[in-house]
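Enquirer: show me how the following folds:
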Amino acid sequence: MSKNPFLAMAVLVSATAALAGVMLLSGKDDASSASAIARANDADSSDNDNAGEVTGGNGGAASSGTESSVSPESWATRNVYLPPNPEPDIDREALARQTESLKRAVPKAVTESLVTEQPSVDDPSRLDGMVWIPGGVFVMGNDFGPPDEAPRHAVALDGFWMDSHEVTNRQFQAFVDATGYVTTAEQPPTFRSIRPGSPMQNAAILEEYNQPGSICSLQINSEADIDPVKGPYSWWDYVVGADWKHPLGPKDSIDDFMDHPVVHVSWLDAKAYCDWAGKSLPTEAQWEYASRGGHEGRVYPWGNTRNPDGTWLHNIWQGNFPLENTLADGFERTSPVGRFPANDFGLFDMSGNVWEWCADYYQPDYYFNSPIKNPPGPKDSFDPQEPDYIKRVQRGGSFMCSEQYCIGYRVASRMKGEEDTGAFHTGFRCVVNVGSDSPDR
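Expert: This next block holds a predicted model:
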């Protein structure tokens, strides 16, 4: 679902007009298919229509039960959906056999053509803070999660450099100081993510929301604060004045958060930064390959158990979501980059902290027909749940992810968002490709 700050709060001209916090009034009845606050994308969960489903997969790695192991004790699990078990009881030996079979099927000509060794570069300063990710073949996807993570399939990638951590406020400040760039959240809302020809192009933004701002999470103190009509979207709101310099609103500041990930950046903002830095956003395949750290079949960058020895290895939500965050990992919002251990490629925060934009357009079935070598993503966007909106892939989960609602912190988890929209838990990191840095589409 979407996180667009104004489209996300569209008034339906049908029965759903009862939802509060509206931003749009449509000029046409046929635009009523645009959702209301319920389009604010849980703003952190895989789509609810998908996230409760578990596919049996295509590759012979049998599961002995993929029902969620999460105890349904939270408001979310009782009232929204029970997420699939992020650690399904599957036959790991069968999964390994499937992995090797998929990798063996990659043509030898493809594997022999891959760039695996780190090449020399003319301007090494451009690679400061980056890690070389050697090229290779890996198995992407997951047959035991939401349907858009399937099927597991072999991918061959040339090597590339990737930022060791998410772009920080300090780094983004340098970009803005050098260029005068103004992010989308700092401008009045527009309709850049609506597909040409969509009836939503006839919508009008309510005056009180026709101001710069972005999506933030509201404090929910008790179940009484949750509107039974809006449901999970009770804790998301468009906050006028929220942007990368003011993550929670106009009175907030990043002065003490310069080493935290920049947030409230749209895909367009992230791409502008990459263009300035001579870099690119990672493809979705590059992102997942890097996240896995050279290991196959893992649920998380570090293994198959979320908290080995009771240790928190990422910044997510702990406790009764969305009412109480126990802060067991030490953080309520973003954490400084590099605070948690790196994966075996030397990359930090590939699970949790903030969602990260990828270069790719989103399509749920792209894995069924993506090319083996260096898949660039689909040529255009298509989300069957919201076909009117142009969406890009996001990866990695965020500090708002919870085992009771969003399990986006797994290496195979996919999310999507409208490319002109950021939120207070959305950031990015960059890559540099071998040769000349490939332009994003």
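Enquirer: show me where the stretch 251-400 of the chain has helices.
Expert: 267-277, 284-292 (DSSP state H, counting those that start in this stretch).
Enquirer: show me what counts as buried in the longest one.
Expert: By 16 or more other C-beta atoms under 10 Å, the buried positions in helix 267-277 come out as 267-274, 277. Using the backbone N, CA and C atoms, a C-beta is placed for each residue, glycine as well.
Enquirer: picking up where we left off before, mean pLDDT for the helices of the stretch 251-400 of the chain - can I get that in JSON lines?
Expert: Output for the helices of the stretch 251-400 of the chain, formatted as JSON lines (pLDDT from 0 to 100):
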{"stretch": "helix 267-277", "mean pLDDT": "98"}
{"stretch": "helix 284-292", "mean pLDDT": "98"}
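Enquirer: wait, what's in contact with the residue nearest in space to the middle of the chain?
Expert: Central residue of the chain (C-alpha atoms, centre = their mean): Gln394, 2.8 Å from the mean position. For Gln394, the contacting residues are 355-358, 415-417, 426, by C-beta atoms under 8 Å, 6 or more residues apart in numbering.
Enquirer: for ChimeraX, write the select line for the buried members of the residues you listed.
Expert: Only the buried entries of the contacts of Gln394 go into this ChimeraX selection, using 16+ other C-beta under 10 Å:
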select :355,356,357,358,415,416,417,426
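Enquirer: which element is Met162 on?
Expert: strand 160-163 (DSSP states H and E).
Enquirer: quick one: which of the helices of the stretch 251-400 of the chain is nearest Val432?
Expert: Across the helices of the stretch 251-400 of the chain, Val432 has its closest neighbour in helix 267-277 (9.0 Å, C-beta to C-beta).
Enquirer: just the CA atoms of that closest one, as PDB, please.
Expert: Written as PDB, here are the backbone C-alpha positions of helix 267-277 (Å, rounded to 0.1, in the frame of the first residue of the first chain):
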ATOM      1  CA  TRP A 267      12.700   8.300  -4.300                       C
ATOM      2  CA  LEU A 268      13.100  11.400  -6.400                       C
ATOM      3  CA  ASP A 269      15.100  13.000  -3.500                       C
ATOM      4  CA  ALA A 270      17.300   9.900  -3.200                       C
ATOM      5  CA  LYS A 271      18.000   9.800  -6.900                       C
ATOM      6  CA  ALA A 272      18.900  13.500  -6.900                       C
ATOM      7  CA  TYR A 273      21.500  12.800  -4.100                       C
ATOM      8  CA  CYS A 274      22.900   9.900  -6.000                       C
ATOM      9  CA  ASP A 275      23.200  12.000  -9.200                       C
ATOM     10  CA  TRP A 276      25.100  14.600  -7.300                       C
ATOM     11  CA  ALA A 277      27.400  12.100  -5.700                       C
END
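Enquirer: so what does it touch, helix or strand wise?
Expert: helix 169-179 (3 or more C-beta pairs under 8 Å, 6 or more residues apart in numbering; DSSP states H and E).
Enquirer: what sits up against the helix it packs on?
Expert: By C-beta under 8 Å, 6+ apart, helix 169-179 touches 181, 244, 254, 257-262, 265, 272-273, 276-277.
Enquirer: possible to save those residues as CSV with distance to Glu100?
Expert: Supplementary listing: those in CSV, determined by distance: C-beta to C-beta, whole Å:
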residue, distance to Glu100
Tyr181, 47
Trp244, 44
Ile254, 47
Phe257, 44
Met258, 45
Asp259, 41
His260, 40
Pro261, 36
Val262, 40
Val265, 39
Ala272, 42
Tyr273, 39
Trp276, 42
Ala277, 38
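Enquirer: what subset of those residues is buried?
Expert: 244, 254, 257, 259-262, 265, 272-273, 277.
Enquirer: output the contacting helices and strands for the strand holding Met162.
Expert: strand 130-133, helix 284-292, strand 431-433.
Enquirer: which secondary structure elements does the longest one contact?
Expert: Okay, so that is helix 284-292. strand 130-133, strand 136-140, strand 153-157, strand 160-163, strand 355-361, strand 391-395.
Enquirer: how much does it deviate in direction from strand 355-361?
Expert: If you take axes from the mean of the first three to the mean of the last three C-alpha atoms, to 10 degrees, helix 284-292 sits at 150 degrees to strand 355-361.
Enquirer: just to revisit the earlier point, now the helices and strands packed on helix 284-292 in CSV, with distance to Ala109 and mean pLDDT?
Expert: Formatted as CSV, these follow (distance: least, C-beta to C-beta, whole Å; pLDDT from 0 to 100):
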stretch, distance to Ala109, mean pLDDT
strand 130-133, 22, 98
strand 136-140, 13, 98
strand 153-157, 10, 98
strand 160-163, 21, 98
strand 355-361, 25, 98
strand 391-395, 28, 98
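Enquirer: go through the ones you listed and name the closest to Leu248.
Expert: The nearest among these, by C-beta to C-beta, is strand 355-361 at 17.3 Å.
Enquirer: elements contacting the closest one?
Expert: So strand 355-361, by 3+ C-beta pairs under 8 Å, 6+ apart, packs with helix 284-292, strand 391-395, strand 415-418, strand 426-427.
Enquirer: what's the following helix or strand after the longest helix seen in the chain?
Expert: In terms of residue count, the longest helix belonging to the chain (DSSP state H) is helix 92-104. Counting by DSSP H and E, the element after helix 92-104 in chain order, helix or strand, is helix 108-112.
Enquirer: give the residue spans of this protein that score low on pLDDT.
Expert: For the chain, the stretches flagged by pLDDT under 70 are 1-82, 436-441.
Enquirer: could you rerun that using 90?
Expert: 1-90, 121-126, 189-193, 195-210, 218-237, 320-323, 403-406, 435-441 (pLDDT under 90).
Enquirer: contact partners for Ser381?
Expert: 195, 361-363, 389-392.
Enquirer: nearest residue to it other than its sequence neighbours?
Expert: Tyr361 (4.1 Å; C-beta to C-beta, 6 or more residues apart in numbering).
Enquirer: okay, and the beta partners of the one you found?
Expert: Bridge pairing for Tyr361 (DSSP bridges) gives the partners Arg392.
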